[in-house]
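>>> Structure of the sequence below:
(one chain, ligands or ions: 1)
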Amino acid sequence: MKFFLDTASIEQISKWKKFDLVHGVTTNPTLLSKESSDPVKVIKEICKIVNGDVSAQVTERNSKGMIEQAKFLRSIDKKKIVIKLPCTLDGIQAARFLSDKNYKINITLGFDPAQISTFKNINISYFSFIIGRVEDFGDSNISNIPLLKLMIKKLNPKIKFLAASIRNSSQLLSAATNGADVITVPPTTWDKIYKNKYTLDGEKSFMESWEQLPNDVRKKYEIKK
Ligand code: E4P
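Prediction:
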């Protein structure tokens, strides 16, 4: 299983790379719009610092435009760029054309395992199955994960199940334990996981006890400064 970072922030990529949590990056138009610089420059910079696949999403709405834009986006880095296309009929048409030309494809906004049906003979690398966006509305897509895995197995086992839109540790664990090949995690979710309230409170209470000891006793145990 791999972890991708769901962001376009160079700062966040550099930070989480140090913890081995950036095996690739997924971007989308919203994430790019949050960065203050030119989106092409941002994608170029991401490709420079990431050793793995970098998803760049099309902003064109019809298949012809998507194909043209995909050609341009791939030229940024032929090895790393994965073209991200929405799971619409236009997106699927573009995916068919581009996969025949050996482009790496990430189909996004996947909400229903039945959407895999059209990918028997289209070589897509990733199918992004959205978790958090569904749970935001009080529904759940977690129970559909086994069905998605089964559909992939039956139709085209080469497709990687990419769990996306991960808001918290429970969604991450459900994706991981139900067989996600890749989980793309926003930096805010890693922050929540590693700024765990109980871990931070526990660390603070250990230190408060330690400071009750006389200085000269503590010094025997501590490193010399
Ligand atoms: C998926 O393709 C997107 O990049 C992302 O995971 C969606 O996350 P959001 O629901 O937080 O926008």
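>>> and the residue sitting nearest the centre point of the chain, what helix or strand is that in?
Centroid-nearest residue in the chain, with C-alpha atoms, centre = their mean: Thr184, separated by 2.0 Å. Applying DSSP states H and E as the criterion places Thr184 in strand 182-185.
>>> likewise Thr30?
Element membership for Thr30, per DSSP H and E: helix 29-33.
>>> Go ahead and name everything in contact with that helix.
By C-beta atoms under 8 Å, 6 or more residues apart in numbering, the surrounding residues in contact with helix 29-33 are Asp6, Thr7, Ala8, Ser9, Pro39, Val42, Ile43, Gln57, Thr59. In this view, the C-beta of every residue, glycine as well, is placed from N, C-alpha and C.
>>> try stretch 54-68
4, 24-29, 43, 46-47, 69-70, 73, 76-77, 80-86, 90-91, 93-94, 97-98, 106, 108, 126.
>>> ok now it, how far from the chain's centre?
19 Å (C-alpha atoms, centre = their mean, to the nearest Å).
>>> Same check on stretch 162-174?
With C-alpha atoms, centre = their mean, you get 10 Å for stretch 162-174.
>>> Say whether the ligand is contacted by that stretch.
Yes: interface with the ligand: stretch 162-174 contributes Ala164, Ser165 (C-beta under 6 Å from any ligand atom).
>>> Could you shift the numbering so residue one becomes 449, and keep it that way?
Understood, numbering begins at 449; the last thing we discussed is stretch 610-622.
>>> Can you give me the end-to-end span of that stretch?
Taking C-alpha to C-alpha, to the nearest Å, stretch 610-622 runs 13 Å from one end to the other.
>>> cool, stretch 582-591 as well?
Using C-alpha to C-alpha, one end of stretch 582-591 lies 12 Å from the other.
>>> buried ones in that stretch?
Val582, Glu583, Asn589, Ile590 (16 or more other C-beta atoms under 10 Å).
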